[in-house]
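> starting from these lines, generate the structure:
(chains A and B)
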Amino acid sequence: MDKKVKIRATLKDGVTTVKALMAHPMETGARKDKSTGELVPAEYIQEIVVTHNESVVLNANWGTGISKNPYLSFKIKGGAEGDTIALTWKDNLGESGSGKTQIKQK
Amino acid sequence: MNITRRHALKIGSVSAIIGTVSSLSKTVFAEWPAAAFDTTAYEDSYAAVTNGVEPQEGGVNIEAPEIASNGATVPVTVSTDIENVKSISVLVEKNPRPYIATFFINENIEATISTRVKMRETSNVVAIVETDNGKFIAKQSVKVTAGGCA
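Down below sits the predicted model:
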């Protein structure tokens, strides 16, 4: 379940607000494990793709500077109740995660 | 027994995801700019993001706390009223790797992005907005009282 993305999309006054929370360590590769003294290998999300009913509306390139368990929020002009919003991420190790939701009217 | 079962479940779910991602990746994942993200001096990160187009000041708004008690998660919102925004990039001047992220949006997305960034020390947060009519920049200082490992 660690690859799940929590995502919510709420429609209000003609604007859909999307909020997503990804479970990911976002290790920079420069942090030392306190118990072993060894560097923790880099593990961070590099790419994000968000689709609205299958068409891409937002994508992103990330470095190591995004916080652990990344949060992303943005607004879509329009959108209709029941539309599908999906987010997929890919990290530097080739792992990926995704989540999707339906727009809810507020 | 338990381990094998969990392992099998994991492999199952991962391959299911890889299936969807590989079909996606051909069309939508752009080339991740490794050289730009590897820059360690702010000047180099800035040059990589601006790519020869000097940004103008004004029109871009950064919402971030004046004082961040935890540098590991500093909430940042970048917004602009400028039209035809293609991308929004975020940098932190004094981080070991100053280039944080670029968000590419299409015309159906309002030019407002919120996320959380790591900050090692007190620094300017910089937002660079790319539009059809050039680039625009804003900076805001955030005082960090306990640095996050950036």
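> and the gap between the nearest residue to residue A:100 once chain neighbours are set aside and residue B:103?
Take residue A:100 and drop its neighbours on the chain: the residue closest to it by Cβ to Cβ, 6 or more residues apart in numbering or on different chains is residue A:86, 3.7 Å away. Any C-beta I mention is one placed from the backbone N, CA and C, and that applies to glycine too. Relative to residue B:103, residue A:86 is positioned 17 Å away (Cβ to Cβ, to the nearest Å).
> what about the two, which has more around it?
Higher neighbour count among residue A:86 and residue B:103: residue B:103, with 23 against 20, using other Cβ atoms under 10 Å in any protein chain shown.
> list the contacts of the residue nearest to residue A:100.
By Cβ atoms under 8 Å, 6 or more residues apart in numbering or on different chains, the contact list for residue A:86 reads A:7, A:50-51, A:98-101.
> can you show me the strands along the chain?
Because you didn't say which chain, this covers chain A. Here chain A has its strands, by DSSP state E, at A:5-12, A:15-22, A:45-52, A:55-62, A:71-77, A:84-91, A:96-102, A:104-105.
> the intended chain is chain B.
Using DSSP E, strands in chain B cover B:56-57, B:60-63, B:67-68, B:74-80, B:85-92, B:99-105, B:109-117, B:123-131, B:134-144.
> run through who's touching the fifth one.
With contacts defined as Cβ under 8 Å, 6+ apart, strand B:85-92 is touched by A:65, B:42, B:45-46, B:49, B:76, B:78, B:80, B:98-105, B:111, B:113, B:115, B:117-119, B:123-132, B:150.
> in chain B, what spans have low per-residue confidence?
Along chain B, segments meeting pLDDT under 70 span B:1-30, B:149-150.
> any idea what the most centrally placed residue in chain B is bridged to?
Chain B has residue B:101 as the residue nearest its centroid, 2.0 Å off, counting by Cα atoms, centre = their mean. Beta-bridge pairing of residue B:101, defined through DSSP bridges, involves residue A:62, residue B:90.
> my read: it touches residue A:58, true?
No - at 11.9 Å, residue B:101 does not count as touching residue A:58 under the criterion of Cβ atoms under 8 Å.
> how near is the residue lying closest to residue A:20 once chain neighbours are set aside to residue A:95?
Closest residue in space to residue A:20, ignoring its immediate chain neighbours: residue A:7 at 4.4 Å, by Cβ to Cβ, 6+ apart. Applying Cβ to Cβ, the value for residue A:7 to residue A:95 is 18 Å.
> same deal with residue A:87?
From residue A:87 to residue A:95 the distance is 15 Å (Cβ to Cβ).
> more neighbours: which of these two?
Comparing residue A:87 with residue A:95 by neighbour count (other Cβ under 10 Å), the higher total belongs to residue A:87, at 22 against 17.
> what bridges to the residue nearest the centre of chain A?
Central residue of chain A (Cα atoms, centre = their mean): residue A:22, 4.9 Å from the mean position. Judged by DSSP bridges, the bridge partners of residue A:22 are residue A:5.
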